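Novice: Structure for this input, please:
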Amino acid sequence: MKKISYNSNLRGGDKVLTKEQIDQFAKLETELGIFFENKNLLRQAFMHSSYVNEHQIETSCNNERLEFLGDAVLELTTSKYLYDQYPNMTEGELTKFRSSIVCEPALVQLTKSQKFNEYLLLGRGEEQTGGRERASILADVFEAFIGALYLDQGIDAVVAFLEKVVFPKIADGVFSHVMDYKSQLQEIVQRDGLGPLSYQIINAEGPPHNRVFQAIVLINHIEHGAGSGRTKKDAEQAAAEEALTTIGAKFV
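Specialist: From the prediction side, this is the model:
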C-alpha cells in the first residue's frame, strides 16, 4: 500500500483523521486559548509513530522531529527565565535547576496537567499496551507541542504559554525537590526576597585526615541554620538543610 503524504506544510493533512479527532483538536485549541494557523502542525505534535505506521503515513509525519525541535526551544526559554530570575546562581546551579524542569518526570506531569495525554494519536497496539501512560511518550508530546507552537507562532508565543504553564511552577518551588539543599535554599531566598545569603565555617576539629567542619548559614545577616560535615561543602549542605526547616516554618 502506498503511504499517505502528511507533510505539515501541505493542505489536506486532515484526511488521515476522523471528524471527531479534528473536532477534539479544535476543542484543545479553545481550552488552551491558542489557535494554530497551521492546524496540521498541532495534530502532528500528537501523532505517535505507532499511529503513523498503522495508517501508512510517511514516517517523517510523526511527532519525533517536532519533539527534537521543542526540546531545544524549551531548554532555551527555560534557561532565559532562570538566567533572569536567579542572577546569583552559578552556571552549574542553573544547569542542574534547568535539568530538574526539563527532565522526563517533570515533562510527564506538565503533559498531564494540560491533558495532552487525552489527545495522543496512538496505534491500536500501542494503545492496548498502555502507551497513553508511558512516560517517554508523554514527555515527548509536551516537547513536540512546544516545537509545533514555535514553528506556527514563534518564540514569543512559546514564552507566553510557558508563563502560564511552567514558569509559575518554578517560582512556587515545584521542581526544588531534585536540587541540593543549598540550591533549594538559594532559590527560596531569592524568590521571596529574604536578603543576602552567606555561609561561615565557624569551627574545624580533629586531625587533618579526619577533620569535622561546622558551618552556619546567614540570611539577611541572621543565623538560620547550622550543620557539620567531613568537608566544608558537606557542613554547608547540613546548615542549609536546617535553614530550610527554619524558613519553612517562618515564611512558607
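Novice: Mind jotting down where the helices sit in the stretch 51-200 of the chain?
Specialist: 64-85, 91-102, 104-113, 124-128, 135-153, 155-165, 167-171, 181-192 (DSSP state H, counting those that start in this stretch).
Novice: Relative to His55, which of those is closest?
Specialist: Nearest of the helices of the stretch 51-200 of the chain to His55, taken as Cβ to Cβ: helix 124-128 at 10.6 Å. For the C-beta atoms, the positions are set from N, CA and C on the backbone; glycine is no exception.
Novice: And the closest one, what's buried?
Specialist: 126-127 (16 or more other Cβ atoms under 10 Å).
Novice: cool, and stretch 45-54?
Specialist: In stretch 45-54, counting by 16+ other Cβ under 10 Å, buried: 45-52, 54.
Novice: what's the span of it from first residue to last?
Specialist: 17 Å (Cα to Cα, to the nearest Å).
Novice: for stretch 115-135, same thing?
Specialist: Stretch 115-135 stretches 14 Å from its first residue to its last (Cα to Cα).
Novice: Now do it: distance to the chain's middle.
Specialist: 21 Å (Cα atoms, centre = their mean, to the nearest Å).
Novice: Contacts for it next, please.
Specialist: 17, 21, 24-25, 28, 31, 43, 46-48, 50-51, 53-54, 104-105, 108, 111, 137-138, 141-142, 145 (Cβ atoms under 8 Å, 6 or more residues apart in numbering).
Novice: Same question for stretch 198-216.
Specialist: For stretch 198-216, the surrounding residues in contact (Cβ under 8 Å, 6+ apart) are 217-218, 223, 225-232, 234-236, 238-240.
Novice: how long is it from one end to the other?
Specialist: Distance between the boundary residues of stretch 198-216 (Cα to Cα) amounts to 9 Å.
Novice: Going by neighbour count, which residues of that stretch are buried?
Specialist: Within stretch 198-216, the residues that count as buried by 16+ other Cβ under 10 Å are 199, 213-216.
Novice: if I look at Arg65, how far off is Arg134?
Specialist: Distance, Arg65 to Arg134, by Cβ to Cβ, to the nearest Å: 20 Å.
Novice: residues near Thr30, how many?
Specialist: 10 (other Cβ atoms under 10 Å).
Novice: And it, which helix or strand is it part of?
Specialist: Under the criterion of DSSP states H and E, Thr30 resides in helix 19-32.
Novice: picking up where we left off before, please identify which of Arg65 and Arg134 sits among more neighbours.
Specialist: Arg134 (17 against 14).
Novice: Let me know how buried Thr18 is, in neighbour terms.
Specialist: Neighbours around Thr18, by other Cβ under 10 Å: 9.
Novice: list the contacts for the closest residue to Gly70 other than its chain neighbours?
Specialist: Excluding the flanking residues, the one nearest Gly70 by Cβ to Cβ, 6 or more residues apart in numbering is Gly147, at 3.2 Å. Contact analysis of Gly147 by Cβ under 8 Å, 6+ apart lists 45, 65-71, 73.
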